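In: Got a sequence here, can you model it:
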Amino acid sequence: MMKTVLMVSLASPLIYGVGSFLTRSKSVARSISCNPLFEYFKPPQNPVSCSTDGHEFIILETRDAPPAHLLTRIESFSLLSEFRISKYESKVFEVDGYKWRLVIYPDGDEGQIKGNNVSVYLAMADTSSLPVDWEIYADFTIFLYDQFSDNYLCFRGNVRRFHATKSKWGFPKFMSKKSLRDQSSGYLVKDNIVLGAEVFVMKKQRIVESVTVLKPMYTRLRDWKIVEFSKLEGVWVSEEFNMRDVEWKLKIYPNGDFNSNGDLSSKGNAVSMSLVCISAEKFTVHQKVKAEFHMRLKGRSDHDSGKLSHWFTSSSTCCGQSAFISLAKLRDPENGFLVDDCCTVQVEIFVQLVS
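Out: Take a look at the predicted model:
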């Protein structure tokens, strides 16, 4: 990624140029504390969070690595105030196709703090090519170089929404002029200051998901009487039914079917039965339904599949047992499953989650 490096000299009328003043890297970074008005700094053990104006919540920490996107060195910084230059805009730099710049107010940007603080903002530099309703969410950090410690004081706030009516965000109380001029601080040395910026643009490629976890309630029972069972060929399918706004049906293979591994062991030897989520056939790739269910064959003593649980998706719309009951057990008159070539099947279903 390209980084913009800019050097500005105020020793004479403004002269613009490019300089290289990247710091050497280190392996360990230290943190620095903050006062809400940034009057004094003392090194703590960890990064510190604080408020600069009563509501703006920021994180202050130090780091050895220079900013990735922009470095601006301003020589004879105090002359900005002396020459009554109320605002300086840095060179434009580009991140993720958007153009940005730092805007620096040497005497502050707001009336109540003007003259006491330095204000620094990140601003969109060119929005003419963006659509009318454009908006960009960005997480950014503004850097202040400590020329004594050879590291950077990092100011990081909340993720901000840049749009047509608010294209500039930052810190009106970036640092008090008293702290900046403190000769022991290292932020303003020989009247030179180094500022930087790093921007992370949040892309709108998010997936929006709505999940409904359903409260426990009675389970839904559905029964079907199948006549002339011995004459069935291929597959028997129940009518569709609705449970928790999800459409279902039961599917029975009277002479067995392939199991999930393609095993033919149940073919001709057992009845296969499965629950099908019809709604799942039209699901998007991220939609799913979680359900627990029982499948039963009614008789003197019901034959039960046991509790089955499955996530129904567009790629997995059914769940069941390839060998639900053996044909021998089904046809045994002692069990009472098949009477006058008729049988009754039942499904009990509890829909737990829909997303």
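
In: Find the residue ranges of this protein scoring beneath the pLDDT cut-off.
Out: 1-57, 110-113, 205-207, 216-219, 258-266 (pLDDT under 70).

In: Going along the chain, name the helices of it.
Out: Using DSSP state H, the helices of the chain run over residues 78-82, 177-181, 327-331.

In: Those helices: which one's closest to Glu61?
Out: Relative to Glu61, the nearest member of those by Cβ to Cβ is helix 177-181, separated by 16.6 Å. (Each C-beta comes from the backbone N, C-alpha and C, glycine too.)

In: What residues sit buried inside that closest one?
Out: Using 16 or more other Cβ atoms under 10 Å as the test for burial, helix 177-181 gives Lys177, Ser179, Leu180.

In: again with stretch 162-178
Out: The neighbour-count check on stretch 162-178 (16+ other Cβ under 10 Å) flags Phe162, Ser167, Trp169, Gly170, Phe171, Pro172, Lys173, Phe174, Met175, Ser176, Lys177 as buried.

In: likewise stretch 75-90?
Out: Glu75, Ser76, Phe77, Ser78, Leu79, Leu80, Tyr88, Ser90.

In: hang on, the earlier thing: nearest to Leu102, of the helices of the chain?
Out: helix 78-82 (13.7 Å).

In: Show me what that closest one is packed up against.
Out: Secondary-structure packing of helix 78-82 (3 or more Cβ pairs under 8 Å, 6 or more residues apart in numbering; DSSP states H and E): no helix or strand packs against it.

In: One more pass at 10 Å, please.
Out: With contacts defined as 3 or more Cβ pairs under 10 Å, 6 or more residues apart in numbering; DSSP states H and E, helix 78-82 has these neighbours: helix 177-181.

In: which residues of the stretch 101-250 of the chain fall in strands?
Out: 117-124, 135-146, 151-156, 160-163, 168-176, 193-202, 212-213, 220-226, 236-237, 241-243, 246-253 (DSSP state E, counting those that start in this stretch).

In: so what secondary structure elements neighbour the second one?
Out: Strand 135-146 is packed against strand 57-63, strand 70-75, strand 98-105, strand 117-124, strand 151-156, strand 160-163, strand 168-176, strand 193-202, with contacts defined by 3+ Cβ pairs under 10 Å, 6+ apart.

In: Let me have these in JSON lines, adding distance to Ile226 as columns.
Out: What follows is the helices and strands packed on strand 135-146, written out as JSON lines (distance: least, Cβ to Cβ, whole Å):
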{"stretch": "strand 57-63", "distance to Ile226": "66"}
{"stretch": "strand 70-75", "distance to Ile226": "75"}
{"stretch": "strand 98-105", "distance to Ile226": "65"}
{"stretch": "strand 117-124", "distance to Ile226": "69"}
{"stretch": "strand 151-156", "distance to Ile226": "67"}
{"stretch": "strand 160-163", "distance to Ile226": "60"}
{"stretch": "strand 168-176", "distance to Ile226": "68"}
{"stretch": "strand 193-202", "distance to Ile226": "56"}
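
In: who wins for proximity to Val271 among those?
Out: strand 193-202 (54.3 Å).

In: now the closest one against strand 117-124, angle please.
Out: Per axes from the mean of the first three to the mean of the last three Cα atoms, to 10 degrees, the angle that strand 193-202 makes with strand 117-124 is 40 degrees.

In: Parallel or antiparallel, which strands does strand 193-202 pair with?
Out: Applying DSSP bridges, strand 193-202 is found paired with strand 70-75 (antiparallel), strand 135-146 (antiparallel).

In: if we can go back for a sec, out of the buried residues of stretch 162-178, the closest to Val211 would be?
Out: Phe162 (30.6 Å).

In: gap between that closest one and Glu82?
Out: Distance of Phe162 to Glu82, computed by Cβ to Cβ, to the nearest Å: 33 Å.

In: What of Asn269?
Out: 98 Å.

In: Asp133 - how many residues pack around it?
Out: Neighbourhood size, Asp133 [other Cβ atoms under 10 Å]: 7.

In: which residues touch it?
Out: His163, Ala164 (Cβ atoms under 10 Å, 6 or more residues apart in numbering).

In: Could you do Phe162 as well?
Out: Here Phe162 is in contact with 98, 100, 122-124, 127, 130, 134-138, 140, 168-169, 201 (criterion: Cβ under 10 Å, 6+ apart).

In: Name whatever forms a beta bridge with Tyr137.
Out: Arg161, Met202.

In: quick one: contacts for it?
Out: Counted by Cβ under 10 Å, 6+ apart, Tyr137 has contacts Val159, Arg160, Arg161, Phe162, His163, Phe200, Val201, Met202, Lys203, Lys204.

In: I'd like to know which of these are buried.
Out: Arg160, Phe162, Val201.

In: how many other residues sit next to the closest residue to the last one other than its chain neighbours?
Out: Leaving aside its chain neighbours, Val201 sits nearest to Asp96 (4.2 Å; criterion: Cβ to Cβ, 6 or more residues apart in numbering). Other residues within reach of Asp96 by the criterion other Cβ under 10 Å amount to 13.

In: got it, and His310?
Out: 19.

In: how close does the closest residue to it other than its chain neighbours sit to Asp126?
Out: Closest residue in space to His310, ignoring its immediate chain neighbours: Cys319 at 3.7 Å, by Cβ to Cβ, 6+ apart. Look at Cys319 and Asp126: by Cβ to Cβ, they are 55 Å apart.

In: who's more crowded, those two?
Out: Each of Cys319 and Asp126 has its neighbours counted (other Cβ under 10 Å); Cys319 has more, 18 against 12.

In: That one bridge partners, please.
Out: Bridge pairing for Cys319 - DSSP bridges - gives Leu275.
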